Structure formats: structure tokens, C-alpha cells
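A.B. asks: Pasting the sequence and the predicted coordinates here, then a few questions.
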Amino acid sequence: MKINTKLLHDYPMIDPVTGASSIPKYQASTFHQQDVFTHTGFSYTRFGNPTVEAAEKCIASLEDATFGLAFSSGMAAINAVLFLLSKGDHLVLGKNIYGGTFHSIHLFLSRFGIDCTFVDETDNGSWEKAIKKETKMFYIETPSNPLLTITDIKKVAETARKHGILTVSDNTFMSPLSQHPLSLGVDIVIHSATKFINGHSDVVAGLVATNQEAIYKKLKEHQIALGGILGPEDAWLLLRGVKTMGLRMEKSIKNASKIATFPSEHTKVKKVYYPGLAQHPGYQVHHQQCENSGAILSFELETVDQIQSLFTNCRLPIVAVSLGGVESILSYPWAMSHASMPEEERLKMGVTETLVRLSCGIEDEEDLLNDLTRALG
Ligand SMILES: *Cc1c(COP(=O)(O)O)cnc(C)c1O
């Protein structure tokens, strides 16, 4: 089955009891047992819920994985995965990881005696060089946020495997529609389903997929013990949103590739970051491992005044954190997604005071282009 058909048919879509064309919201915390020793397979919603289980089977299908897990947010999913590490372990990450992940690592891992090394993710050799005998996990995110740097998933996973290290990939930016890290040797894939998977800026959710039963069992334990489970209502909304992901992504990607060529013609734009542009340093690697260029681009203006003017005068993209919605979202990483990172770290990774990120929605591209031109003018 191909991906657009899978979105509609390859996981529980029909209620087994009534035949309803959508899995109902099983809005229940607990499940009645006919006798004390047997239950229906569901006992308490933190341990499992039919609506949530449908979302878990959905991500497993989309990532061609054996197992899926749903969490209350992308961060809950990320932290459940980071809990695979123990005191004394060492973790290697790309230096351009999501701000929230960076924050969580600094907040918790050092307190738990877990050591981290950040590497230039685009340099395959830097991953190997960072390995110590305690290294247990590589953590990658490609394209990265917000500069769209590209990590060679296959090469990094190969290096990890050679040394018995787990590879984890945050696949949020490409969605399970066009990039499949598990097929490139990654052990665990994470999504903030808040973004493209749900796609309507109305749910916060996280998803995980893996082919390895031992990892799944541990993560299931973490899900139950840490308690970051997805609620039935949000699982239901997510299941509704995911059905149109194919169509949504197609239009968003088309808009992004059009808009990516626009700012370079515009004098106020110093630089565009988009893996669909041939001059992007990761162009080749990205297109080897991914089917398209994605729906997100960033660009650098010349002055903070221009930033002010753009954000005040644009009318179509909503000005907000987040990405992956049906509406275009314009954000300012310096003061939004990366605000929790020390200034020095932000500058080191290239998140400057004049950088803008645009997540393209499904509006008509002429309207988006006109709006940006006017706001920049
Ligand atoms: C948004 C995001 C997250 C965090 O997800 P939440 O659902 O907000 O917790 C993690 N990684 C990436 C790449 C993201 O864009």
C-alpha cells in the first residue's frame, strides 16, 4: 500500500462495535471488567485506550514500523526516549536540535549524570569522533530547526550501529510522508504530531515508531510510568487531521518551493535556507534520503527594523511559534522557539536577530507572495 492510501486505510479506521466510519472518542479513564481476572484488553486509559491505540497503529503504519506509541506532546515523546539513558551514559546530538530538546537535556540529563556532546551534524566524521566508550545514543534531526541543516541519516546510523549505539531521529520537519529514518538504519523515530501530522494547529501530541520489540516494551513502560499519554480527545482530532496529510503536504511543499525563490530576488533578504535550493549545502544528501524539500524555509533579513516591519505588516501568515498547520505560520526563532537557549548558543548555531522562519500552509501561493512582498516593502 502506498502512503496516501495508508493515510486512510492502514490502521483502525472503523469502530469494530458499531461500524462507525471514525474510531469514536473513548472518553473514559477506566473500563468495566466482567470478572476480576479478565478485561477487554483495556483496563485504564494511562495503560491504553482504543482511540489512542488507533493513533499508535497509524504512526506505525506511516513509518513502516512494527510498533507505535502516542504521547501528550512531542516533548513527552522525546523525554520518554531520553529516559532510555542511564547514569554514566553519554549522548551525542547535532548542535542544531529543537530548542525544547536542548532545554530538557540541560535541565535533566546533567542532573542524572548523563554526559552530552553536541556535534556539527552535517559533518559525518564529527559523530564518530565524539564517540566514547560510554556512548549509548545518537540523536539527529534533519532538516534542523530553524536553519534546515541536513544530517546524512544513513551514514550516521551506520556509524552508530558499528559501535552498538542507538540512533534516534526527530522526523517532525519532513513528516512520515516523505522521509523514513527507520529504513535508513535509525532505531527510533519521533514526531511532534502537533505539526504536520495533525496539521490544524489545534492539538499538541507526540508519536514514536520503532521496529524493535525490546525498545518498544521499554518505551511503553516509560509511557505508563512517566504518564505523558495522549488524551482520547486529542487522539481523535489527530486521527481526523492525519487523513488529509497527503493533500495538505503537497500544497504546502509547492508553496514553500515557490516562496523559497522569491526572497532571493528581494533586496532585503540576505540569505534563504531551504533544502530545495540547489545552492543549499545539504541539497544532495537531503534528496538522497527524502522525497521532497519540505514546507519550511528560513530567511535572513538585514536589520531588526525590517523584522519589525515584516511581522507587523504581514496579514496572511499568523505570527506564532509552531509550524506544520494548514495556515502559514511566520515565526521569529530568536525570541520564540529558541528564546530559552543562551544568547551565545543561539548565535553559535546561526539563530540571529534577523532570522525569520516560515512554515507554509495551503493558501493560494499568489496571495502569500503578495502579502510577504507588501510586508517587506
Ligand atoms: C515542535 C517540535 C518539537 C516539540 O513538540 P511539542 O509537540 O511542541 O512538544 C520537537 N521537535 C521538533 C522538530 C519540533 O518542531
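C.D. replies: Here it is on my side, so go on.
A.B. asks: Now do the same contact list for the residue of the stretch 1-150 of the chain found nearest the ligand.
C.D. replies: Going by C-beta to the nearest ligand atom, the ligand is nearest to Gly74 of the stretch 1-150 of the chain, at 2.2 Å. C-betas here are computed from N, CA, C, even on glycine. Shown in contact with Gly74 (C-beta atoms under 8 Å, 6 or more residues apart in numbering): 98, 100, 170, 172, 190-195, 204-206.
A.B. asks: Which of these fall within helices?
C.D. replies: When the contacts of Gly74 are checked against helices (DSSP state H), the matches are Gly100.
A.B. asks: Going by neighbour count, which residues of whichever strand or helix holds Leu368 are buried?
C.D. replies: When elements are assigned from DSSP states H and E, Leu368 belongs to helix 365-376. Buried residues in helix 365-376, counting neighbours by 16 or more other C-beta atoms under 10 Å, are found at 365, 368-369, 371-372, 375-376.
A.B. asks: Give me the helices and strands touching it, please.
C.D. replies: Under the contact definition 3 or more C-beta pairs under 8 Å, 6 or more residues apart in numbering; DSSP states H and E, helix 365-376 sits against helix 245-265, helix 304-313.
A.B. asks: Show me how far it is from its chain's centre.
C.D. replies: Averaging C-alpha positions (C-alpha atoms, centre = their mean, to the nearest Å) puts helix 365-376 27 Å from its chain's average.
A.B. asks: Could you do stretch 158-168 as well?
C.D. replies: 21 Å.
A.B. asks: first vs last residue of it, how far apart are they?
C.D. replies: Counting by C-alpha to C-alpha, to the nearest Å, you get 12 Å between the two ends of stretch 158-168.
A.B. asks: List the neighbours of that stretch that are in contact with it.
C.D. replies: 81, 84, 92, 124, 127-128, 131, 135-140, 156-157, 181, 185-190, 215.
A.B. asks: mind listing what's buried in the worst-scoring helix or strand of the chain on mean pLDDT?
C.D. replies: Counting by mean pLDDT, DSSP states H and E, the chain has its least confident helix or strand at helix 343-349, which shows a mean of 86. Judged by neighbour count using 16+ other C-beta under 10 Å, the buried positions of helix 343-349 are 345-346, 349.
A.B. asks: May I see those arranged in JSON lines, with distance to the ligand as well?
C.D. replies: Formatted as JSON lines, the buried residues of helix 343-349 follow (distance: C-beta to the nearest ligand atom, whole Å):
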{"residue": "Glu345", "distance to the ligand": "17"}
{"residue": "Arg346", "distance to the ligand": "16"}
{"residue": "Met349", "distance to the ligand": "14"}
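A.B. asks: tell me the angle the helix holding Leu368 makes with helix 245-265.
C.D. replies: 40 degrees (axes from the mean of the first three to the mean of the last three C-alpha atoms, to 10 degrees).
A.B. asks: Leaving out the residues flanking it, which one is nearest to Leu226?
C.D. replies: Ala80 (5.9 Å; C-beta to C-beta, 6 or more residues apart in numbering).
A.B. asks: wait, what's in contact with the one you found?
C.D. replies: Neighbouring residues of Ala80 by C-beta under 8 Å, 6+ apart: 69, 71, 208, 219, 222-223, 226, 228.
A.B. asks: can I see the domain layout of the protein?
C.D. replies: Per the TED database, the structural domains of the chain span 3-240, 247-376.
A.B. asks: Compare the ones you listed and say which comes out lowest on pLDDT.
C.D. replies: Sorting these by mean pLDDT places domain 247-376 lowest, at a mean of 93.
A.B. asks: Tell me how far the most centrally placed residue in the chain lies from the ligand.
C.D. replies: Centrality entry for the chain: nearest residue to the mean C-alpha point is Thr172, 1.8 Å, by C-alpha atoms, centre = their mean. Using C-beta to the nearest ligand atom, to the nearest Å, Thr172 is found at 4 Å from the ligand.
A.B. asks: my guess is that residue meets Val189, correct?
C.D. replies: No - contact criterion C-beta atoms under 8 Å: Thr172 and Val189 do not qualify, at 9.8 Å.
A.B. asks: on that earlier part again, phi first, then psi, for the residue of the stretch 1-150 of the chain closest to the ligand.
C.D. replies: phi -60, psi -40 (degrees, to the nearest 10).
A.B. asks: Please list the residues outside the helix or strand harbouring Val52 that contact it.
C.D. replies: Assessed by DSSP H and E, Val52 sits inside helix 50-62. Contact with helix 50-62 is made by 3, 6-7, 10-13, 23-26, 42, 45, 65-70, 176-177, 191, 193, 197, 205, 207-209, 229-232, 235-236, 238-239, 242, as judged by C-beta under 8 Å, 6+ apart.
A.B. asks: Just the buried subset of those residues, written out for PyMOL, thanks.
C.D. replies: Here is the PyMOL command that selects the buried residues among the contacts of helix 50-62 (16+ other C-beta under 10 Å):
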select buried, resi 3+6+7+10+11+12+13+23+25+26+42+45+65+67+68+69+70+176+177+191+193+197+205+207+208+209+229+230+231+232+235+236+238+239+242
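A.B. asks: just checking: which of the contacts of helix 50-62 also lie near the ligand?
C.D. replies: Among those, no residue sits close to the ligand (C-beta under 6 Å from any ligand atom).
A.B. asks: Which of the contacts of helix 50-62 fall within helices?
C.D. replies: Counting by DSSP H, the part of the contacts of helix 50-62 found in helices is 3, 6-7, 176-177, 232, 235-236, 238-239, 242.
A.B. asks: Go through the residues you listed and say which is closest to the ligand.
C.D. replies: Leu238 (11.2 Å).
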